[in-house]
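Novice: Okay, sequence plus prediction incoming.
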Amino acid sequence: MVHSEFVIDYQYGGLNPMQFGYQTCHPSHSFGPAVRPHWLLHYIVSGFGTFVRQGVTHRVGPGEIFVIPPYLETYYEADPENPWNYIWIGFTTQEELPEFFSQPILNCPGAGELFQEMILCKNMENGRSAYLSSCLWKLMALLLEQRKPVSDYIDKAIHCMHAEYGNGITVLEIAKRLNLDRSYFSTVFSQRMGISPQEYLINLRLTKAAELMIAHGESPTTAALSVGYPDLYHFSKIFKKHFGMSPRAYIKQAESAGELKK
């Protein structure tokens, strides 16, 4: 069911609302590929769906906002089993928006309550556009307030990797903890560290595994499990790719060199 409210374009300076509505989608309901002449934000209240922007498909769920910039082709589709329920608002602006609007997915604690407040505009006549404009500014304030220097994100990510590499932590899980889109997180991490977060995490795990086998005398099986690789075959394969030899050959080499702890 679709609820769309009539919004008058008063051409407000700053953030000018153009449309507003909310919808409980049918399974696999889709829109696009299409372009819009203004910014459009969809906040997911419940359920799931996929959002495709610039050829990249994103799985989107409750509490997330997918961002459609003006004249950028996008496509989105509700999950066939658990379709999303979302609230959307479209707006124009003459201002240069903060860099986080370049991200396809936004995470903003407190946004859910604000989008629910926007629905109150249905009870307004003359003040609807002004009210929605004020809500857009509140959303901007929430997004700006949670913004942190990129260095803070990277430092936290590295700390998380070193603390939880043995628990099987993934790059996606780290990005979610930081409330960042995975592709954006990977980009800023790579720019800062010179390698992707996936490469950093793999290097960390393999270095720690080698240390366990050589400095602490652990078997390849124990080392693999201890650094987050429950599949010994996969561990051996990736270890050989990294070090140029299997875990057992690595141990034998260390033993020949007198480096192996008995």
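Specialist: Sure, I can see it.
Novice: what residues does stretch 170-180 touch?
Specialist: 103, 107-109, 146, 153, 156-157, 160-161, 181-182, 185-186, 197-198, 201 (Cβ atoms under 8 Å, 6 or more residues apart in numbering). To be clear about C-beta, it is placed using only N, CA and C from the backbone, and glycine gets the same treatment.
Novice: Out of the residues you listed, which end up buried?
Specialist: 103, 107-108, 153, 157, 160-161, 181-182, 185-186, 197, 201 (16 or more other Cβ atoms under 10 Å).
Novice: hang on, Glu164 in a helix?
Specialist: Yes: remark: Glu164 belongs to a helix, assigned using DSSP: H, G, I helix; E, B strand; the rest coil.
Novice: State the pLDDT value of it.
Specialist: Confidence per residue is given as pLDDT, and for Glu164 that number is 94.
Novice: Trp39 too?
Specialist: pLDDT, Trp39: 96.
Novice: Correct me if wrong: it contacts Pro70.
Specialist: Yes: counting by Cβ atoms under 8 Å, Pro70 is a contact partner of Trp39 at 6.1 Å.
Novice: residue ranges for the helices of the protein, please.
Specialist: 111-118, 128-146, 150-164, 171-177, 182-193, 197-215, 220-226, 232-243, 247-256 (DSSP state H).
Novice: on that earlier part again, Trp39 and Pro70: which is more packed in?
Specialist: With neighbours defined as other Cβ atoms under 10 Å, Trp39 and Pro70 compare such that Trp39 has more, 21 against 13.
Novice: What ranges in the protein fall below the confidence cut-off?
Specialist: 147-151, 260-262 (pLDDT under 70).
Novice: Nearest spatial neighbour of the residue nearest the centre of it, chain-adjacent residues omitted?
Specialist: With the centre of the chain defined as its mean C-alpha position, the nearest residue by Cα atoms, centre = their mean is Asp181, 2.2 Å away. Take Asp181 and drop its neighbours on the chain: the residue closest to it by Cβ to Cβ, 6 or more residues apart in numbering is Ile105, 4.4 Å away.
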